[in-house]
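> coordinates only, sequence not included:
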């Protein structure tokens, strides 16, 4: 058994993947010259898996990518920042399709083999006329070291590009999994979209790839919450091109290692998304233990992680466990006040629904930290759930005031 | 048919009700000498109705008042600010009971005829020893003009006392309904409790009074949202002592007028709660029309009214209808993107899920106002729901940072 090693290379770490980025001037406002169009390409035909926003309002590129995902083979991903292409009517769908057509023409593939994503302001027409002329040149510039450029191009107000990759060995073959991501919620006020593009050179069926991705997203991106808002554009894509020659099948040892490797990548990218953003000063892990059911644990963790009052208290270095117990109480989960214990980094703040032995000064030291864990033990059963969240600062509000 | 007239007098407007307040020094921190204990008394035996927080974690006074509400007769309400008496274990329940016992002894009634409320920080022991010695004197000072003093005593960081009262005539008899309230959510960070004490001199059965109150709360206090958090202490109480001699029964003309009068009082108090608070600069009415069901309308209105991103945009005078459509999309309600219209004060911002004819400059003028209406027409049915909310400002966060 080989361990999983962190490596460089992001979404182009896996064999056979190249990427690049260019500047088209997509954003309505002038000034920035940051590249705003990213292209990722697999030199071999790949299979693709995806998870999309569950918002009933879906951006045009989400609709187009959902359709293109039915293709048995996928070759590339094209993604722009500066415009969400959401709430743009039938014309928006045409724009997203045109983007895939332009990429396919430049790469010598079929449009349905290209997936497309957008992030930016909702309700503004996608300036496809600014993008199309740049795509042929972009397709020629793709390299094995293009991950960072692509990660930068999909950034909106993210303060740093997000890449992660790992490698492991199965049956004597080296397999790589990597990806890039951009941030959610407070990261960018008007562009609250979370995008993540993953690649692997494992040889895996489309169906198994989807299974692995769905489970991995459930324990990473679905656990992070910044403001409870859910974008029209949220998308996670994973391409597997088999270039490593290593076959991964459910039930095998390799499957478990592959899933663990994929989880490492998605968890780290999710953590980076939460930590980024000028409006965030703290990263908080909200653990719920002893829930009657998994859903109950989730309800309590999400009520706490999304509570404006809880998050404001953290920003002010105020332990204020009353707000945490209050949020648990209205979460809808089965619970009994007298059974609730709350720990701050292991210190017992609340015992049986009343003040615990930990002195407030000690609790205050915990919430002053940049990272800490709040654990709520309901003592109603054995289910657990963990959510990742942040504090809520004045700067968050300032960043979200306007364009 | 006589119309409903606004009058003065708040919770002591109705015949037979007196009130007063005193200072006990309940809050842990020194400095303030604002009265912190209010007492309301009906000279005649009254019947009581109530709605309490649906939070599963209920403060000790909520538990005691729920029990005392079973008494066929009610005489008074005692309420303190400065301490929530929540998450205080069995000792907290003793403290709440002792409060009612002290009030009952001073007023010559039974403890179960007294309802009790608290608002303040969670998890701190109620200093009953500071309150008990002041109650006999307080009981002697009650007057027909004591409403304002009581309204002030229950304030936490509210910036003004909240009173409303109306009168109407039925069968030649004058009936009065009035009340006082204190604020929710951002009004006070650590004391997010909403309290409302109502009184009337109508002659009405306990059962009918509860029916009228439940319906009235549903269309007033249940429609206001500031931060989505729900307090452990939220309480609305209504006492009816029959002193007007006017009998109010369901099905009669008087019943309709009584309900309308009660609704006027609760709606105005709810509006004052939303408008108050240093962290609020805007009052926004979120109307949802054309929902498939009432529940769907409610889901959409509440998703919008609770969206951090929507509320930040308003604070920044940014119409940003994309965030509104986005919130509708994740609300869980049945909807179709192509059918959604959104109006800002009647201006069509979104038509069929895409940008509408209203120019952004006009929409910007609307959201710059201190009060405006956002209407979302789903065109899926004929159900409607309206929620009342605010913007989310930097000041809100600052106020909520710490004690």
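Cool, the structure landed. What you see is a predicted model, and the numbers here were worked out from it, not measured in a lab.
> Which strands and helices lie in contact with the longest helix along chain A?
Longest helix of chain A, by residue count under DSSP state H: helix A:253-275. Helices and strands touching helix A:253-275, by 3 or more C-beta pairs under 8 Å, 6 or more residues apart in numbering or on different chains; DSSP states H and E, are strand A:162-170, strand A:173-182, strand A:195-200, helix A:206-218, strand A:283-291, strand A:383-390. Where C-beta positions appear, they are placed from N, C-alpha and C, glycine not excepted.
> for the last one, packing partners?
Using 3+ C-beta pairs under 8 Å, 6+ apart as the contact test, the elements touching strand A:383-390 are helix A:253-275, strand A:283-291, helix A:294-306.
> Dump the helices and strands packed on helix A:253-275 to JSON lines, plus mean pLDDT.
Shown next, in JSON lines, are the helices and strands packed on helix A:253-275 (pLDDT from 0 to 100):
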{"stretch": "strand A:162-170", "mean pLDDT": "97"}
{"stretch": "strand A:173-182", "mean pLDDT": "97"}
{"stretch": "strand A:195-200", "mean pLDDT": "97"}
{"stretch": "helix A:206-218", "mean pLDDT": "96"}
{"stretch": "strand A:283-291", "mean pLDDT": "95"}
{"stretch": "strand A:383-390", "mean pLDDT": "91"}
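> Check those for me and report the most buried one.
With neighbours taken as mean count of other C-beta atoms under 10 Å in any protein chain shown, the helices and strands packed on helix A:253-275 reach their highest mean count in strand A:195-200, at a mean of 30.
> and that strand, which strands flank it?
Strand A:195-200 has its sheet partners listed here by DSSP bridges as strand A:173-182 (antiparallel), strand A:235-240 (parallel).
> Now do the shortest one against helix A:253-275, angle only.
An angle of 150 degrees separates the directions of strand A:235-240 and helix A:253-275 when computed by axes from the mean of the first three to the mean of the last three C-alpha atoms, to 10 degrees.
> returning to what we had before: go through the longest helix of chain A and flag the buried ones.
Neighbour-count burial for helix A:253-275 flags A:254-255, A:257-259, A:261-275 (criterion: 16 or more other C-beta atoms under 10 Å in any protein chain shown).
> Please apply the same query to stretch A:65-78.
A:65, A:68-69, A:71, A:73-78.
> The helices and strands packed on strand A:383-390 into CSV, with extra columns for distance to residue A:375?
CSV is the format used below for the helices and strands packed on strand A:383-390 (distance: least, C-beta to C-beta, whole Å):
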stretch, distance to residue A:375
helix A:253-275, 18
strand A:283-291, 4
helix A:294-306, 10
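> among these, which is nearest residue A:358?
strand A:283-291 (16.5 Å; C-beta to C-beta).
> and the nearest residue to residue A:43 once chain neighbours are set aside, how many neighbours does it have?
Sequence neighbours aside, residue A:16 is the residue nearest to residue A:43 in space, at 4.7 Å (criterion: C-beta to C-beta, 6 or more residues apart in numbering or on different chains). When neighbours are defined as other C-beta atoms under 10 Å in any protein chain shown, residue A:16 has 19 of them.
> Then residue A:125?
When neighbours are counted by other C-beta under 10 Å, residue A:125 comes out with 15.
> again with residue A:140
The tally of other residues near residue A:140 (other C-beta under 10 Å) stands at 10.
> can you check the one 5 residues further on too?
In terms of burial, residue A:145 registers 13 neighbours under the definition other C-beta under 10 Å.
> wait, it sits on residue A:10?
No: at 9.5 Å, residue A:145 does not count as touching residue A:10 under the criterion of C-beta atoms under 8 Å.
> separation between residue A:309 and chain B?
5 Å (C-beta to the nearest C-beta, to the nearest Å).
> Help me confirm that that residue comes into contact with residue A:323.
Yes: between residue A:309 and residue A:323 there is a contact at 4.8 Å, judged by C-beta under 8 Å.
> ok, those two, which is more surrounded?
A direct count of neighbours by other C-beta under 10 Å for residue A:309 and residue A:323 places residue A:323 higher, at 29 against 24.
> sorry, back to before: of the helices and strands packed on strand A:383-390, which is nearest residue B:57?
That would be helix A:294-306 among those, by C-beta to C-beta, at 11.4 Å.
> Enumerate the residues of the stretch 51-200 of chain A near chain B.
A:54-58, A:84, A:86-89, A:91-92, A:121-124, A:185, A:189-190, A:192 (C-beta under 8 Å from any C-beta of the partner chain).
> same question for stretch A:42-53, mean pLDDT?
Averaged across stretch A:42-53, pLDDT comes to 96.
> What residues of that stretch count as buried?
By neighbour count on 16+ other C-beta under 10 Å, the buried set for stretch A:42-53 is A:42, A:45-53.
> same check, this time on stretch A:129-147
A:130-132, A:134-135, A:138-139, A:142, A:146-147.
> give the contact list for residue A:196.
A:179-182, A:221, A:235-237, A:266, A:269 (C-beta atoms under 8 Å, 6 or more residues apart in numbering or on different chains).
> quick one, phi/psi of the closest residue to chain B within the stretch 1-150 of chain A?
Of all residues in the stretch 1-150 of chain A, residue A:122 sits closest to chain B, at 2.6 Å by C-beta to the nearest C-beta. The phi/psi pair for residue A:122 (degrees, to the nearest 10) reads phi -80, psi 150.
> how near is it to residue A:27?
Distance of residue A:122 to residue A:27, given as C-beta to C-beta, to the nearest Å: 14 Å.
> ok, back up a step: just the ones of the buried residues of stretch A:65-78 in strands?
A:74-78 (DSSP state E).
> any chance of the residues you listed in JSON lines, plus pLDDT and distance to residue A:202?
Output for these, formatted as JSON lines (pLDDT from 0 to 100; distance: C-beta to C-beta, whole Å):
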{"residue": "A:74", "pLDDT": "98", "distance to residue A:202": "15"}
{"residue": "A:75", "pLDDT": "98", "distance to residue A:202": "17"}
{"residue": "A:76", "pLDDT": "98", "distance to residue A:202": "18"}
{"residue": "A:77", "pLDDT": "98", "distance to residue A:202": "18"}
{"residue": "A:78", "pLDDT": "98", "distance to residue A:202": "23"}
